[in-house]
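Asks: I'll drop the sequence and a predicted model, then ask my questions.
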There are 4 protein chains.
Amino acid sequence: MITLGTNQHGKAEVRLVHVTRPATGAAEGAHAIEDLNVSSQLRGDFASAFTEGDNAHVHATDTQKNVVYAKARELGVGSPEAFLIALADYWAEQPWVEGSVMKAEQYAWDRIPTNDHSFVRSGQSVRTAVVNSVGTERLVVSGITGLVVLKSTGSEFTGFPRDRYTTLAETTDRILATSITAWWRWSEPPADWNDAYAQIGEILLSTFADVHSLALQQTIHAMGRAVMEKFDGIAEFKISCPNKHHFLVDLDPFGLDNPGQVFHAADRPYGLIEATLCRDGAPAEPRAWASVPAFA
Amino acid sequence: MITLGTNQHGKAEVRLVHVTRPATGAAEGAHAIEDLNVSSQLRGDFASAFTEGDNAHVHATDTQKNVVYAKARELGVGSPEAFLIALADYWAEQPWVEGSVMKAEQYAWDRIPTNDHSFVRSGQSVRTAVVNSVGTERLVVSGITGLVVLKSTGSEFTGFPRDRYTTLAETTDRILATSITAWWRWSEPPADWNDAYAQIGEILLSTFADVHSLALQQTIHAMGRAVMEKFDGIAEFKISCPNKHHFLVDLDPFGLDNPGQVFHAADRPYGLIEATLCRDGAPAEPRAWASVPAFA
Amino acid sequence: MITLGTNQHGKAEVRLVHVTRPATGAAEGAHAIEDLNVSSQLRGDFASAFTEGDNAHVHATDTQKNVVYAKARELGVGSPEAFLIALADYWAEQPWVEGSVMKAEQYAWDRIPTNDHSFVRSGQSVRTAVVNSVGTERLVVSGITGLVVLKSTGSEFTGFPRDRYTTLAETTDRILATSITAWWRWSEPPADWNDAYAQIGEILLSTFADVHSLALQQTIHAMGRAVMEKFDGIAEFKISCPNKHHFLVDLDPFGLDNPGQVFHAADRPYGLIEATLCRDGAPAEPRAWASVPAFA
Amino acid sequence: MITLGTNQHGKAEVRLVHVTRPATGAAEGAHAIEDLNVSSQLRGDFASAFTEGDNAHVHATDTQKNVVYAKARELGVGSPEAFLIALADYWAEQPWVEGSVMKAEQYAWDRIPTNDHSFVRSGQSVRTAVVNSVGTERLVVSGITGLVVLKSTGSEFTGFPRDRYTTLAETTDRILATSITAWWRWSEPPADWNDAYAQIGEILLSTFADVHSLALQQTIHAMGRAVMEKFDGIAEFKISCPNKHHFLVDLDPFGLDNPGQVFHAADRPYGLIEATLCRDGAPAEPRAWASVPAFA
């Protein structure tokens, strides 16, 4: 017997830009923009669409897209977390819906100082949020991806075991570079989603810089720890960091030394270090909420 | 109290091309190539690298890369599944290792008929494999990604509920297009990994084509079912399919009809349908093996 | 004095899928699809839009998009070259237009044999076409991009000069791999655009395979020459090929030999070889038609 | 008769990171980093490699890569323009070389304030430079790409002609967004390459913001004009700007108005506006230096 297990359907990557104006429709005055990429997925009593092609319960993915835009008009955005919770709340009241996964990326913009309504995309990092719902519960995970950082000194890698397949030399001064992707699960929401995100970004940067690194492992653990010590409402912190290798170029054949000056920035392969930090006593992530196609 | 939870470290995207020659080092005769992108991650007694920067147990990610290349020489590749199992077996015997996640993508090449050693990249789809290990157990997940297919008729979408936010019209003849990503978890390995992969690719294509589609949900369910009916050793099948919308262009303003001829292929947003199919009585995926940073 | 020079405006990347049915609107019978990405740019008496924001002459880019879809309905596609010529002809008759650049990419699909209307994307290469117009003249350039090929033997690189900065070892047996991008300018159109494209693709593959390569330079020259010898109507042939390096992995530290078996496929940097072949006496590419923003 | 025309060979995308330390090899004190992607191409007496596979004159692409790293050590980087000129000067003195094209992208980093040697990637835009050489002449083109900007008001599009294929409505208040790519060719070098780049970036931003836009054409013309008015040494300015459409979402079906608040950010197609500005009397770009494979 083969049976249908967990499943979900929705609309992915709804590109929403919301403009806040000082008065309805006003061209004058200071505008603000929020630039998001929103995905909406529903779970519930939808099996017959899969098994029989019966769409009587299927909230069309097109309708889910419409709801994203309509709720942006009705409620504004505010923060990706607040907006996704509003979407989850809406869908929780609709027939046949038992749960949902709402996701967003938010892109950063700086003001161009010359006037009140001009902006330039800033930074390389992207803010992320996921709201995973079952019934009335909301699991909120905030995150960041693509925060690219580099230290030109203050990083070592020594003392690792040497076996038949080990060729790497030890080093007490290397470039350490990575692109930080991190997620943090809230058991209690912070006072202000946007302020928390800004603070956490600062903590990640300053911790990366401050820690004299004996291993990338140590650095990412310190980053997660610093974030969780600042925010009691974070139950769990996950982080995934490529070690973006910068190899000192051997200039000996050209009669040149290379005292930590000229590096080749490699693409692939790259080291990959991943970890989870947990707060003792915090509620575990419910298995029932696990994403549908996330194997292995 | 904040504690370190699951963690892993390794080398990602080791680009391996293996050439099989009729005799050692021979230029003559029929060559064969295997083109893979391999990632190696270890779990085990590695916490002190995170908490104290103590690398005494850390199998360097560089060493993990070396093992990929050395094992390719010692054992050949054969299939991504067999190769990853060999890597997992090697690491299972090393100190401090309690488990591992080995992943691979394999790229397809066709022969250029004119001689025995020339090849052209074929297809858009990529073969995938994951071997997730705990102790002596090996969880093997095979897969495919990027299999882009389209039906120019034989697809409907009607009978869905209409509410305040529904604007989508019903249609009894539309283009159905998607890019298939699927994974299948083996409880019993097939007789031949490569042959199983080839057969499953054919089943996915023919089922996509054969099913008169009342919903993309129905089509992906039918694809998974057909695969599982063919291979008893598959315990679980997961599939994720974007609905790559092709919108009929409204040519009325130009005094032209458009009887299913001219379409706009849209990028974003896209529908996204995901499902799991399970074989009754098959062993569940062990939670302990869940990937480290897979939230929500 | 600063003056406005060459300029153009238009709509880029209009994604057009055209379905040919055996009878108007028919679901039955054998369908055919053509999948294109079309860009339309106009040149002419449009300076005042730039200098004064006066749009009285500006054929809106939205209108240019509409023309792509309308002409696909009125005339069909047939081949990217024929379709782009039709677009150029249309625009040549509109007010203020002095010239245009029409471009297209076409994506390849194979039939899924099981029925008449199901398709799977095939290959990695993309067909390209450009029609550059001045008045009644049409410069037609056909091309291909992303044709990825590899030879596992039959490639050498020796005899190059050695100076202070040379460290590369000579080799008489290496992997040669590249991703072919080529363009060919027609002075006389071929009998059939699609047939010519198919033949040229075959010539590129078989020449790549057949030539025992002493340098990638030699291989790309031979490819161009073979194409031009087959088609008298080609006045000029341009080709750009990265040398996708495959480095033999040094397995000596592990006590293993490596007789041409295990390779690392590198990303960056890569060699880059580019050349133009010309037919004597063929008309040169007119400078006036040079693309607007193509510096250096 | 088919003959070999212009050709070039070299190494593309050499990823160079240069660290400047306060004293040779010092970990202490303020570090500075320069992060570049350098491509080197040579032209000259290299035909026999193409026609006969004779490499006696071929400066190996690997050697060209080595020169990039060695010159970075010998001379430092300073600015992409200065570094590329140094590369061009070196190659101009080598046998068989008649010209070269040296290109670079440079990536921006900000300091993390907490210490002297930690950095975070900043901005989305990339600085570009090309030095195209013939004999002793150096054509220097500086540029920027990926400068993404948006105005939430202060942009109109009206007064364009309406014909059979025109459906676009006029608008007196729309979002204007683009990703600026621009190049400027110097007839006289500026006092300081880095300072000029910084100033030009500011001019592009402030002009984009300040101009009340009647057409994207007008905006890009004003940007180029402002840059050339500031820098007399710029002979020519080229700019290519997609119109990244933001469509006001129709919320009428949901009983909602939408006074310039909720937008859909579209991907494709997009408008594309391109222009060249020239200084009267400035020397033209020499045709002989045209890049090899730049058709149409």
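Replies: All right, it came through fine.
Asks: Please report phi then psi for the closest residue to A:E52 other than its chain neighbours.
Replies: By the measure of Cβ to Cβ, 6 or more residues apart in numbering or on different chains, the closest residue to A:E52 outside its immediate chain neighbours is B:Q218, 7.1 Å from it. From N, CA and C alone the C-beta is placed, and that goes for glycine too. Dihedral pair for B:Q218: phi -60, psi -40, per degrees, to the nearest 10.
Asks: now do A:E202
Replies: Dihedral angles (degrees, to the nearest 10) for A:E202: phi -60, psi -40.
Asks: burial measure for it, as a count.
Replies: By the measure other Cβ atoms under 10 Å in any protein chain shown, the count of residues near A:E202 is 14.
Asks: likewise A:S100?
Replies: Applying other Cβ under 10 Å, we find 26 residues neighbouring A:S100.
Asks: From A:A56, how far out is it?
Replies: Counting by Cβ to Cβ, to the nearest Å, the gap from A:S100 to A:A56 is 19 Å.
Asks: and stretch A:29-41, what's its mean pLDDT?
Replies: What stretch A:29-41 shows for mean pLDDT is 97.
Asks: repeat for stretch A:233-241
Replies: The average pLDDT for stretch A:233-241 rounds to 96.
Asks: is any part of it close to chain D?
Replies: No: if you take Cβ under 8 Å from any Cβ of the partner chain as the test, stretch A:233-241 misses chain D, and the best it gets is 14.0 Å.
Asks: Can you mark which positions in that stretch are buried?
Replies: For stretch A:233-241, burial by neighbour count (16 or more other Cβ atoms under 10 Å in any protein chain shown) applies to A:233-241.
Asks: mind putting those residues in TSV, distance to chain C included?
Replies: Shown next, in TSV, are the buried residues of stretch A:233-241 (distance: Cβ to the nearest Cβ, whole Å):
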residue	distance to chain C
A:G233	41
A:I234	37
A:A235	39
A:E236	34
A:F237	32
A:K238	28
A:I239	25
A:S240	21
A:C241	20
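Asks: Specify which member of these is nearest to B:I85.
Replies: Of all these, A:S240 has the smallest distance to B:I85: 24.7 Å, by Cβ to Cβ.
Asks: any idea how far the closest one lies from chain B?
Replies: Here the criterion is Cβ to the nearest Cβ, to the nearest Å. By it, A:S240 lies 4 Å from chain B.
Asks: for A:D54, same thing?
Replies: Distance of A:D54 to chain B, given as Cβ to the nearest Cβ: 7 Å.
Asks: How many residues are close by that residue?
Replies: By the criterion of other Cβ under 10 Å, A:D54 has 18 neighbours.
Asks: how about it, what does it touch?
Replies: A:D54 sits next to A:48, B:159, B:214 when contact means Cβ atoms under 8 Å, 6 or more residues apart in numbering or on different chains.
Asks: List the residues that contact the nearest residue to the last one once chain neighbours are set aside.
Replies: So the one you mean is B:L214. Nearest residue to B:L214, sequence neighbours excluded (Cβ to Cβ, 6+ apart): A:G53, at 2.9 Å. A:G53 makes contact with B:213-215, B:217-218, according to Cβ under 8 Å, 6+ apart.
Asks: Now flag whichever of these is closest to chain D.
Replies: B:A215 (23.0 Å; Cβ to the nearest Cβ).
Asks: Let me know the distance separating the closest one from D:G260.
Replies: 37 Å.
Asks: Which residue of those two possesses the greater neighbour count?
Replies: Neighbour comparison, B:A215 and D:G260: the larger count goes to B:A215, with 28 against 18 (by other Cβ under 10 Å).
Asks: Let me know whether that one touches A:V58 as I believe.
Replies: Yes: using Cβ atoms under 8 Å, B:A215 makes contact with A:V58 at a distance of 6.8 Å.
Asks: shared neighbours of the two, anything?
Replies: A:A49.
Asks: Now the phi/psi pair for the residue nearest to A:A82 when sequence neighbours are not counted, please.
Replies: The shortest distance from A:A82 to any non-neighbouring residue, by Cβ to Cβ, 6+ apart, is to A:W193 (6.1 Å). Here is the backbone geometry of A:W193 (degrees, to the nearest 10): phi -60, psi -40.
Asks: Quick check: pLDDT value at A:W193.
Replies: 98.
Asks: which residues does it contact?
Replies: A:78-82, A:142.
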